[in-house]
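Participant: Sharing a sequence plus its predicted fold:
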Amino acid sequence: MSEITIVNTRPEHFPQLEELQLVCYPTLAPMELMGQEQFASQDRLFPEGQFVALDGDIVVGQGSGFFIDFDFEHPQHTFRDVCAEFYFTNHDPEGDYYYGADISVHPDWRGRGIGGRLYEARKAVVVRHNKKGIVAGGAIPGYADYKTTMTPHEYTRAVADGELGDPTLTFQLGAGFRLRGLIENYLEDSASDNWATLIEWANPHYKP
């Protein structure tokens, strides 16, 4: 088994990142997918916050995000709006949180701890810059199997209680995130009927 490395994103990775979006998110509408132009903007504005997982020269995973202030009292937002159409032009170096835009791992490389390592890379940036934590809207792909019998609130509550397993939310909870609520019409996704979780990881080293 070859060694997987986690590095900051570079321009030569952009074409593979665009392909990775298509492979990892088959149920998303095309307008919800990031392309090379957006990856270039992300890298230009906040290179320290963008990561790829490499198997040799092959991009097998990625993690992207930016700093932003976030109001948990008014949490509703859309993926495209919070990410400034995925260009990250609203990146604020003084923002309290790292907004986790995307973490994805190629299906053929899943189960090897890559997602966890990408989350650790993000957490390291948060600690280094003394931010309050990470906030994100999370996919709930497993909800597709339950949406005729459960509401998204019932489903995510069951996952949080350990009664059901979700490929994304269960992993995020195991990585130290907590479920803060649900976001309606977050993005166009047939698997989740456009719902997403609102998750937060609190930086234990944060100093006000």
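Facilitator: Thanks, I have it.
Participant: How far away from the center of its chain is the helix or strand harbouring Arg80?
Facilitator: Here Arg80, judged by DSSP states H and E, is contained in helix 79-82. Distance of helix 79-82 from the chain centroid (Cα atoms, centre = their mean, to the nearest Å) equals 12 Å.
Participant: what about that helix, average pLDDT?
Facilitator: Helix 79-82 comes out with an average pLDDT of 96.
Participant: Run through the residues that contact Ala29.
Facilitator: Ala29 is in contact with Leu187, Glu188, Asp189, counting by Cβ atoms under 8 Å, 6 or more residues apart in numbering. (Each C-beta comes from the backbone N, C-alpha and C, glycine too.)
Participant: what separates the last one from Ala196, distance-wise?
Facilitator: If I follow you right, that is Asp189. Applying Cβ to Cβ, to the nearest Å, the value for Asp189 to Ala196 is 8 Å.
Participant: what's the overlap in contacts for those two?
Facilitator: Ala139.
Participant: Show me which of the two is the more surrounded one.
Facilitator: More crowded of Asp189 and Ala196, by other Cβ atoms under 10 Å: Ala196, with 26 against 21.
Participant: what about the helices in the protein?
Facilitator: Counting by DSSP state H, one finds helices in the chain at the ranges 14-24, 36-45, 79-82, 114-128, 152-160, 169-174.
Participant: who wins for proximity to Asn90 among those?
Facilitator: helix 79-82 (7.7 Å; Cβ to Cβ).
Participant: what packs against the closest one?
Facilitator: On a contact count with 3 or more Cβ pairs under 8 Å, 6 or more residues apart in numbering; DSSP states H and E, helix 79-82 meets no helix or strand.
Participant: For that helix, buried residues please.
Facilitator: For helix 79-82, burial by neighbour count (16 or more other Cβ atoms under 10 Å) applies to Phe79, Val82.
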